[in-house]
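> Here is my input, please return the structure:
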Amino acid sequence: MILNIVKKSRKFIALSLLTCALPAAAVSIQKPALMSELSSKVLLTDSEKLAADAGYVGVGLYGHIVYSKDGNTWNQATSPVQILLTNVFFLNENLGWATGHDAVILHTKDGGQNWQLQYEDPIPGGDIPKPLLDVYFSDENNGFASGAYGLMLKTVDGGENWQMVSTEALYEKLMDLEMEPEPNFNSLIPFGDKLFIAGELGTILLFDPAAMDEESRWTLVDSPYVGSYFGAKTIGDDLYIYGLRGNVYHSVDTGESWKKIETGVVTNIYDCLALADGDVVFLGAGGTILTLSPGETSTKKQAYPGFDGFMSGQLVEGNELLLFGSAGVKKLTIGASQ
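Purely as a prediction, here's the structure:
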């Protein structure tokens, strides 16, 4: 069963405006992950395919990080934490960052084999625990991390220091619309010169890092659904958002309008990716593997003999995938008999 990473309780306290640099704690409370031969067989929540065919990296439970050159043989990386890791992002074949509970941010310079703790804050701003759920870097210096209860951090020095991004203006906007004022920011992706954020309770946002004032920094995007989104993905000119109870929506006009994709399932959808033949694959809980052909508005279900939850996937070649989830990492060929 996929872990429910954050169970949200409603609260209406504005996020403090903090602009000072927030380095990692002077004395870390973290403990290094234990080395285990089963590190690639426990819950893995996210993955990345490295540039230049340099391999694959997965992160997940117990602070485990695994890496592989070919997707067949997996090695465990050295990780400075034992808490749940939620997301991993690589800028190139060497530089990567991972996020997790206790608002940790890890960094690697060698393609994921060794990781260092860049930042941690078990109770951000002295408020309540807020796990980080996603991270993105536009270059080796400038990056953002997003998380629960409207938490967002930024860095301009490669993660040596992180600043908390104020969401006070956003809080007021959401309150005026009678929406949840501190939604979880579940997914963070580049979108032109902005960042596209998909979150809980129908929250879709555009964040402009270059905005001159906080009011114009946040733009609300009309949502076709009031439930939570777990991810967003651009594939060519197509934009997909997906989340609770099999809900998937597709836009071809940068989010101005949305069309519902009929999935025929009520399981949560956590990731999507494109196959070499142009089909799009959606992955989710309970062994959910769905394919969407170009021009179609409904998916087909891929047979899978089990109920493993899939949280992330990577294309190996052709229609062969690496699936990361509740049973670790597995290989599967779309269209093949299972």
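> Quick check: pLDDT value at Leu18.
On pLDDT, Leu18 comes in at 33.
> what does Ile128 give?
The predicted local confidence for Ile128 is 85.
> Check the gap between the closest residue to it other than its chain neighbours and Pro183 for me.
Distances taken as Cβ to Cβ, 6 or more residues apart in numbering place Tyr149 nearest to Ile128, at 7.1 Å, with adjacent residues excluded. In short, each C-beta sits where N, CA and C put it, glycine included. Separation of Tyr149 from Pro183 (Cβ to Cβ, to the nearest Å) stands at 8 Å.
> Check Ala210 too.
Taking Cβ to Cβ as the measure, Ala210 and Pro183 are separated by 23 Å.
> Would you mind telling me which of these two has more residues around it?
Just comparing Ala210 and Pro183: by other Cβ atoms under 10 Å the higher neighbour count belongs to Pro183, 25 against 8.
> Surely the more buried one is in a strand?
No. Applying DSSP: H, G, I helix; E, B strand; the rest coil, one finds Pro183 to be coil, outside a strand.
> show me what contacts the residue nearest the centre of the chain?
In the chain, the C-alpha closest to the average C-alpha coordinate belongs to Asp134, at a distance of 4.3 Å (Cα atoms, centre = their mean). Going by Cβ atoms under 8 Å, 6 or more residues apart in numbering, Asp134 touches Thr86, Asn87, Phe89, Thr99, Ala145, Ser146, Gly147, Phe185, Asn186, Ser187, Leu188.
> For it, which three-state class applies?
When states are read from three-state DSSP, the local structure at Asp134 comes out as strand.
> Quick one: residues contacting the residue lying closest to it once chain neighbours are set aside.
Nearest non-adjacent residue to Asp134, counting by Cβ to Cβ, 6+ apart: Leu188, 4.2 Å away. Applying Cβ under 8 Å, 6+ apart, one finds that Leu188 lies in contact with Asp134, Val135, Tyr136, Phe144, Ala145, Ser146, Leu195, Phe196, Ile197.
> 6 Å instead?
With contacts taken as Cβ atoms under 6 Å, 6 or more residues apart in numbering, Leu188 has the following neighbours: Asp134, Tyr136, Ser146, Leu195, Ile197.
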